[in-house]
Structures are given as C-alpha cells and as structure tokens.
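[1] Here's a sequence, model it:
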Amino acid sequence: MPPTGPTPALFFDTVNAFQRTEALRAAVDIGLCTHIAAGKHTVAELAAACGASPKGVRILADYMTIGGWLRKEGDAYHLTPDAAAFLDRNSPAYLGDALDFLLGPELRQCFRLLPEAVCKGGTAVSAEGTVSVDNPVWVDFARGMAPIMRLPAELLADVVGGPAADQPLRVLDVAAGHGLFGIAVARRHPKVTVTALDWQAVLTVAADNAEKAGLRDRYTLKPGDAFAVDWGGPYDVVLLTNFLHHFDRPTCEKLAAKARAALAPGGRAVTLEFVPNPDRISPLPTAGFALTMLATTAGGDAYTFAEYEAMFAAAGFARSEFHPLPPTGQQAVVSYRD
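    Sure, this is the predicted structure:
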C-alpha cells in the first residue's frame, strides 16, 4: 500500500542535493560524457579513457544514470540528449566551464552564509557581495555562461528587431559580459553598431566573441563602471541584460533614468531578467532566482513585471511591454522612451 501521511523523502532529497552537484562536477572533471560521446561505452573503456578506477567509474556512471544524464543498456552507457548537448566538451552548447562560476568558492560562501543573509535581508559575505567593483568572478561568468545564453540572446534579438527603413541602429549593451546579446542583434543586420560597456577585464571576453562573430568593426568597447562612466549616446536601443536584478529598486530606477538619458527620441530600453509572476512562486525556476539574489547581493531581487513597469515609469519612460521568451526561464521588458 502507498504510504499515508508525511514521509521524510523530500527532506532527504533536499539535504542530499549536494551529492548530485558533486557527481556532476566529478563527471565533468574526468570527461565522462565526452568519452562516451567518443565511443567509449563500457566501464573498462571509460576507466581507461578517463584515467580512473573501474569501480569509481562504474559507481559514478550508475549514479549519473539514476540522475537522468545517462542511459544504461546492459554493460554499456549512452548519453541522453541533455548530456550530449551540455556535458560533451565537443558540443557547442557545452556547459562544463560554467562550473568555475556556479561552483566557485565566492558563490558557495554566499550560500553557506544564507541564514545570516535571511536575517540581514541581503548578502552576508561583504557589503556588496558579488557586485563589488571589478570583481574577477565576472570574467569567469562571461567565459563559462556564454553557451547557455546563446538561445536567450537570439530570442532577445527577435524582440529588438532590425533597423527601421534600413536606417542605422545604435545599440548600447550595458554590463555586456560575454557580449552575446549585443552580438546577436548585430548579426541580424549590417546597419547595427554595438557599444559594449563593462569592466575592462570582462570586455576582453566580449571583444573576443565579437571577433569570432566577424563583427569587431561594428563593436566598440566602453570600459568602466556602469554607475560612474558616461554612457554617451544617443542610442536607439539600450540593453540591460541580467543586470538590474543585482540592485534595490531605487538603484534600478537610477539606472533606468541613465538609460533614458542615453536614448534618442523613439528609443527603447530592452531588459532581460528573471521575472516571476505576481505570486512570486511561479514559474519555476524563474521565481527561485530571488534566493540567489538574497544570498549574493546587498539589495537585489527577482522583480515582477509590475515592479519593472513602475521603475521605468519613475525614470520617465512612457510605457513598458512584457515579452516571455520560451523555452528559456527568462523574460524581456521593453520600455519606450517616448
């Protein structure tokens, strides 16, 4: 008979979640999925290719099978579609390098101090958390997270669209990071030019990606702190991608006002964010992003569309529109200057 009443299953599943994290990290470290993709399927073949013990490989491969990353047929292991896309180092969507950022000591320490952050209402690691000036963690972010941002970048480029009547479209990419959002817009039309604003060390990653995309002649770098540097302009589009969630509402309003001042008449601020529904518990995993901001930033949050709408209205924008970007967990807010 099925159990009645409460069971400790959810408790133990949550408490032991770190084991899934570490198993994934171990599989990435030894190149397990890369070797399977290359045709090594048995424990003996994988142990030799990985330079690991047969017992260790067997236990790890079985655990990865239980976790949904692998399929096991007899003595042979095969990749699931997710593993083939994201865990094979030779895949263009490989995400293994993102672990340097996602499992880095700075981010882990933020969550170790989560009880203190809950009591404080913001990160307990320092006054600013991960948004401290010129933090090298954002270089790791720019390098490691780029593959997972390719689809949101293409979808956001659809929202931005191309120049009207074949006129130039001037784009400012604020906190550009890897630069993929501005690059995706520029790839759509030869009349698009992009100015990328970020700290100097981070801009080296964006410049390299623009070079690889063949866009370096239409890609200008503006190094500096987004709060301190003059944004210049006028621009037709200001991109605010995965940036505003790091700050409290008054700071977001100041950034929105700075975006409006940099826009030409008829210009738009295009914001990419994790925007939960008004209930703040859906959709998943969008709503859960608020916890990340609580742990890692002094005042950040996952804001609803109504909150973004109010922020941009306070900064003088005429109106804002909401654009879901399925199948990603992110959404866009387009705010019109006039």
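[2] Okay, now the unreliable bits of the chain?
    1-3, 132-134 (pLDDT under 70).
[3] what packs against the longest strand seen in it?
    Longest strand of the chain, by residue count under DSSP state E: strand 263-273. Applying 3 or more C-beta pairs under 8 Å, 6 or more residues apart in numbering; DSSP states H and E, one finds that strand 263-273 contacts helix 146-160, strand 235-241, helix 249-262, helix 305-314, strand 331-336. Where C-beta positions appear, they are placed from N, C-alpha and C, glycine not excepted.
[4] How far does it sit from its chain's centre?
    Mean-position distance between strand 263-273 and its chain equals 20 Å (C-alpha atoms, centre = their mean, to the nearest Å).
[5] From the contact counts, what lies against the very next helix or strand once past that strand?
    As assigned by DSSP states H and E, the chain's next helix or strand after strand 263-273 is helix 289-296. The contact analysis (3+ C-beta pairs under 8 Å, 6+ apart) places helix 289-296 against helix 105-112, helix 114-120.
[6] Would you agree residue 98 is in contact with residue 145?
    Yes: the pair residue 98 and residue 145 passes the contact test of C-beta atoms under 8 Å, sitting 5.3 Å apart.
[7] Output the helices and strands packed on strand 263-273 as JSON lines; include the columns mean neighbour count and distance to residue 48.
    Putting the helices and strands packed on strand 263-273 into JSON lines (neighbours: other C-beta atoms under 10 Å; distance: least, C-beta to C-beta, whole Å) gives the following:
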{"stretch": "helix 146-160", "mean neighbour count": "19", "distance to residue 48": "29"}
{"stretch": "strand 235-241", "mean neighbour count": "25", "distance to residue 48": "44"}
{"stretch": "helix 249-262", "mean neighbour count": "19", "distance to residue 48": "54"}
{"stretch": "helix 305-314", "mean neighbour count": "19", "distance to residue 48": "53"}
{"stretch": "strand 331-336", "mean neighbour count": "21", "distance to residue 48": "47"}
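[8] With distance to residue 204 as extra columns, can I get these in CSV?
    Shown next, in CSV, are these (distance: least, C-beta to C-beta, whole Å):
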stretch, distance to residue 204
helix 146-160, 13
strand 235-241, 18
helix 249-262, 24
helix 305-314, 31
strand 331-336, 27
